[in-house]
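Chemist: let me see the structure of the following:
(one chain, ligands or ions: 3)
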Amino acid sequence: MRGGLVASARLLPRPLVRWFLQRRAQLDINENMLGGKKVKIIFVLGGPGSGKGTQCSNIVEHFGFIHLSAGELLRAEINSGSENGTMIDTIIKEGKIVPSEITIKLLQEAIIKGGNDKYIIDGFPRNEENRAVFESVINISPEFVLFFDCSEEEMERRLLGRNQGRSDDNIETIRKRFKVFVESSLPVIEYYESKGMVKKIDATKPAPEVFEDDGKRMKFTNGIT
Ligand SMILES: Nc1ncnc2c1ncn2[C@@H]1O[C@H](COP(=O)(O)OP(=O)(O)OP(=O)(O)O)[C@@H](O)[C@H]1O
Ligand SMILES: Nc1ccn([C@H]2C[C@H](O)[C@@H](COP(=O)(O)O)O2)c(=O)n1
Ligand SMILES: [Mg+2]
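Modeler: Ligands and ions are numbered 1, 2, ... in the order given. Okay, the predicted model is just below:
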């Protein structure tokens, strides 16, 4: 295709070729806010402790995606000592959701830096604002959305046993995160469901069984299955 374009460009007057190349570069840059990068994205949603991070590691290993966790990016921002760090830290300890422009900027930078065209984004969009700002600013819709469906009782048990030193893995914050999930994140899942874009995963089972039973549904296919 490129060879064909170059060959036919030789037959055109030079100013026209220059205009055509400039216009094409402009179109590529304006198409999205990723510096012209064309990427495919899967969103992974589910309650706190439903196993999103655990299964994303399997997806990376088996299907060659880059995994971006919005929560991990925010924690790295806190640890970097950035000017927003203290504010992000306070919001996370309260189990609330960080303003969209901060999280989206971090995701945008990570996608531009990442050397891949397939990204699995975990823990995003967490609310309607996250979703609407991402889709309008970045100008990309996900290929589909994975929803890890798990009971609150099981998620609480997992979070209390996670032992990774997270400031939000205490019973008080966990309860607040559950409330935010029901009030703000479930409506996002319902939105994508209404568009036929959700693949629901039974995430209450032991981790190896979740991937054995549903792993094939976690990669790109021609249609939603
Ligand atoms: N299917 C499973 N059965 C039992 N334990 C699991 C399962 N999946 C993950 N875990 C364990 O539960 C804890 C939470 O898992 P994970 O970190 O993957 O959840 P998460 O959805 O990413 O949570 P968060 O939203 O808080 O980041 C971890 O200690 C993990 O090892
Ligand atoms: N889109 C997001 C994702 C995460 N956060 C904050 C609030 C979460 O409780 C916390 C931890 O996220 P997790 O690692 O559990 O996915 O990070 C947010 O504000 N916005
Ligand atoms: Mg996680």
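
Chemist: name the residue of the chain that lies nearest to ligand 2.
Modeler: Gly71 (2.1 Å; C-beta to the nearest ligand atom). The C-beta positions use only the backbone N, C-alpha and C, and glycine is treated the same way.

Chemist: tell me the contacts of that residue?
Modeler: With contacts defined as C-beta atoms under 8 Å, 6 or more residues apart in numbering, the neighbours of Gly71 are Ile92, Asp122, Gly123.

Chemist: next one: the last one from ligand 1, what distance?
Modeler: Same thing as Gly123. From Gly123 across to ligand 1, the span is 6 Å (C-beta to the nearest ligand atom, to the nearest Å).

Chemist: check contacts around that residue.
Modeler: Going by C-beta under 8 Å, 6+ apart, the list of residues near Gly123 reads Val44, Leu45, Lys52, Ser69, Ala70, Gly71.

Chemist: what does this structure put close to ligand 1?
Modeler: Contacts of the chain with ligand 1, taken as C-beta under 6 Å from any ligand atom, map to 46, 48-54, 71, 123, 158, 162, 205-207, 210.

Chemist: buried subset of those?
Modeler: 46, 48-54, 71, 123, 158, 205, 210 (16 or more other C-beta atoms under 10 Å).

Chemist: next step: the residues you listed restricted to helices.
Modeler: Lys52, Gly53, Thr54, Gly71, Arg158, Val210 (DSSP state H).

Chemist: got any ranges where this protein has weak pLDDT?
Modeler: Low-confidence segments of the chain (pLDDT under 70): 1-31, 222.

Chemist: which stretches of it form helices?
Modeler: 2-9, 14-31, 52-63, 70-79, 85-93, 100-113, 128-133, 152-160, 171-180, 186-194, 207-214.

Chemist: from the residues of the chain next to ligand 1, which is closest to Tyr191?
Modeler: Tyr191 lies nearest to Gly46 out of the residues of the chain next to ligand 1, by C-beta to C-beta, at 15.3 Å.

Chemist: residues in contact with that closest one?
Modeler: By C-beta under 8 Å, 6+ apart, the contact list for Gly46 reads Lys52, Leu146, Phe147, Phe148, Asp149, Cys150, Ile201, Ala203.

Chemist: now for the fifth one: which residues touch it?
Modeler: If I follow you right, that is Asp149. Listed by C-beta under 8 Å, 6+ apart, the contact set of Asp149 reads Gly46, Ser50, Lys200, Ile201, Asp202, Ala203, Thr204.

Chemist: taking the centroid of this structure, which residue is nearest it?
Modeler: Centroid check for the chain by C-alpha atoms, centre = their mean gives Ile121 as the closest residue, at 2.1 Å.

Chemist: quick check: it touching Leu107?
Modeler: Yes. Taking C-beta atoms under 8 Å as the definition, Ile121 is a contact partner of Leu107 at 6.6 Å.

Chemist: now list whatever residues contact both of the two.
Modeler: With C-beta under 8 Å, 6+ apart, Ile121 and Leu107 have common neighbours Leu68, Ala70.

Chemist: up against ligand 2, what does the protein have?
Modeler: Applying C-beta under 6 Å from any ligand atom, one finds that the chain approaches ligand 2 through 48, 69-71, 74, 92, 95, 97-98, 103, 123-124, 126, 130, 168, 177.
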